[in-house]
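Student: Give me the fold of what follows.
(chains A and B)
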2 protein chains.
Amino acid sequence: MKKIWGLIMSLALVLTLVAPVASADAAENKSASKNKKVHVQIVLFDGFDLLDVLAPYETFAAAGMYSGGALTVELVSLEGKRSVPSGLNGPALEAEAALDPNRPGIILVPGASGKPAGNSKDSIPNILWQAKQTGLTKKIKQAFDNKDVTVATVCGGSLLLAMDGLLKDKHAVTNQLGMDTLAAAGAIPVNARVVEDNPRLVSGGGVTSGLDVALYLVDRELGPQIANEVETLFQYEKRGTVWQAEGMTPIDFKANQDASKASAEKQPASNIAK
Amino acid sequence: MKKIWGLIMSLALVLTLVAPVASADAAENKSASKNKKVHVQIVLFDGFDLLDVLAPYETFAAAGMYSGGALTVELVSLEGKRSVPSGLNGPALEAEAALDPNRPGIILVPGASGKPAGNSKDSIPNILWQAKQTGLTKKIKQAFDNKDVTVATVCGGSLLLAMDGLLKDKHAVTNQLGMDTLAAAGAIPVNARVVEDNPRLVSGGGVTSGLDVALYLVDRELGPQIANEVETLFQYEKRGTVWQAEGMTPIDFKANQDASKASAEKQPASNIAK
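Tutor: Numbering: from 1, shown residues only, chains lettered A, B, ... in the order given. Next comes the predicted model:
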């Protein structure tokens, strides 16, 4: 019995000695995140998709609230402060400032809202094309050249960048309905809700994966505790593993099957008949 | 072999006979949904939560698109057409019309965005209280009295109604952080993402469950195919079983445990010592 008390006492002693160090560590951590400042610009263009914009906006805003202002978020447009109409005749949002590709932080590009196919004025392909024509993708290209900027996309935002060749040979994802178009535009499509090609390009799948893109970036920039608190508030848990170009590469069973099928077809018919 | 052909032929005959009936059914179904018109009013008030409003808005808008206009959605406010600021200094949305409690359809009440606790000007409890003071809940009470209206809530929207006694003895859900407050306001809190007390009261949990509330209502009003198509577009699948006051009642193991604990405590100590 005495032995146990002795053990407990030495444990208490160890804790007494360790505690100040641990709390100094915590204080340092706290002051490090206190000094951390992340600014997010979310880009509006005529016909943008409301949820692509506002699911990340609100995630970032809540992260800002829970971090005591370590993260700030604003809506921007190429043209500066103006009222920007969303797609499908939806409500407009006010851009507060002009997109600044030189400002360090995150620039998030949403997709469009409209008919998922066709060439009508209110079709998504046409809205994205019009957005490209304004010169928006040229500004995003400047952001790609700035090593202090992470470019993030949601849904059709990936297609908008791909249309101007900005995703050439880069791993990315877009809405499942647009994956073929993404490939045709020279990107390497990856089936995941969030794809990080390198730390400076993070793309998201269809509409609601904007929540996952933003939660991932909050985790990456401010740590898991802030992201987790936002999840609790929103009653949403980040979905899917963020794909990254690292670690083991899984065996591609489909390609193997296709290859063996092709080699079987090359064999003489008499051989197969056996 | 002949027998099999005979079977196939009679099957074909059956199909030929049945097919016109089936397609007549389908045509009737199609024309029934063609005539179906559902109007959704989403209520804005100062300090509203953006996602609570826009996740359902966009779900309903997409359902409108895929149904060829069988569903329409608009943003309204108590005061009529005006620009309504969201909480946490977020962007404003334009209410297009005044809330009309006499208009058949769905009226959806969102929650507020702000500090989750406390009594500061930008706290959620205070924003909801201010909204109640405008007389908004009095109008919602009129909607409750209209048998052609379904009242839906998301997140703190349930608390706003409960504050004015509108959820007294009704089954409802709100953000997990507000369930105690909901109970204190006289409602019967139910742990589910979506709760249907009766066909005319559908409440949702925290923020993102607005997607589930809207997808459920789209399914209920326009059928599963429209809801499913919206899910594909949004890359979101409705979460959770909608709780309804019907079917079997599950055994409450927690209450049973508490009851047996209480009865054990009532026994004389000597008895327990055995």
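Student: Grab the most central residue of chain A for me.
Tutor: The residue lying closest to the centre of chain A (CA atoms, centre = their mean) is A:V213, at 3.2 Å.
Student: tell me the SS of that residue?
Tutor: Taking DSSP: H, G, I helix; E, B strand; the rest coil as the rule, one finds A:V213 in the helix state.
Student: Could you find the closest non-adjacent residue to it?
Tutor: A:G204 (3.8 Å; CB to CB, 6 or more residues apart in numbering or on different chains). Using the backbone N, CA and C atoms, a C-beta is placed for each residue, glycine as well.
Student: quick one: the helices in the stretch 151-274 of chain A?
Tutor: For the stretch 151-274 of chain A, applying DSSP state H, counting those that start in this stretch gives helices covering A:157-163, A:179-184, A:209-222, A:224-234, A:253-266, A:269-273.
Student: Give me the contact list for the first one.
Tutor: The list of residues contacting helix A:157-163 from outside it, by CB atoms under 8 Å, 6 or more residues apart in numbering or on different chains, reads A:52, A:108-112, A:125, A:128-129, A:131-132, A:136-137, A:140, A:151, A:153, A:167, A:172-174, A:178, A:181-182, A:185-187, A:203-204.
Student: In PyMOL, how would I select just the buried ones from these?
Tutor: Burial among these is assessed by 16 or more other CB atoms under 10 Å in any protein chain shown; the matching PyMOL selection reads:
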select buried, chain A and resi 52+108+109+110+111+112+125+128+131+132+136+137+140+151+153+167+172+173+174+178+181+182+185+187+203+204
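Student: who in the stretch 101-250 of chain A is up against chain B?
Tutor: Proximity of the stretch 101-250 of chain A to chain B (CB under 8 Å from any CB of the partner chain) is limited to residues A:113, A:115-116, A:175-177, A:193, A:205-209, A:211, A:232-236.
Student: can we see that at 7 Å?
Tutor: Residues of the stretch 101-250 of chain A lying close to chain B (CB under 7 Å from any CB of the partner chain) are A:116, A:175-176, A:205-209, A:233-236.
Student: residue ranges of the strands in chain A, please?
Tutor: A:38-44, A:71-77, A:82-85, A:92-95, A:97-98, A:105-109, A:149-153, A:171-172, A:188-189, A:194-198, A:201-204, A:243-244 (DSSP state E).
Student: For my notes, please list the ones you listed in CSV and give mean pLDDT and distance to A:A255 for each entry.
Tutor: Formatted as CSV, the strands of chain A follow (pLDDT from 0 to 100; distance: least, CB to CB, whole Å):
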stretch, mean pLDDT, distance to A:A255
strand A:38-44, 98, 37
strand A:71-77, 98, 41
strand A:82-85, 98, 43
strand A:92-95, 98, 44
strand A:97-98, 98, 46
strand A:105-109, 98, 32
strand A:149-153, 98, 27
strand A:171-172, 98, 17
strand A:188-189, 97, 14
strand A:194-198, 96, 20
strand A:201-204, 98, 23
strand A:243-244, 96, 18
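Student: Out of those strands, which is closest to B:Q225?
Tutor: Proximity to B:Q225, assessed across the strands of chain A by CB to CB, is greatest for strand A:201-204 (26.3 Å).
Student: Tell me which strands the closest one pairs with, and in which orientation.
Tutor: In the sheet, strand A:201-204 lines up against strand A:149-153 (parallel), strand A:194-198 (antiparallel) (DSSP bridges).
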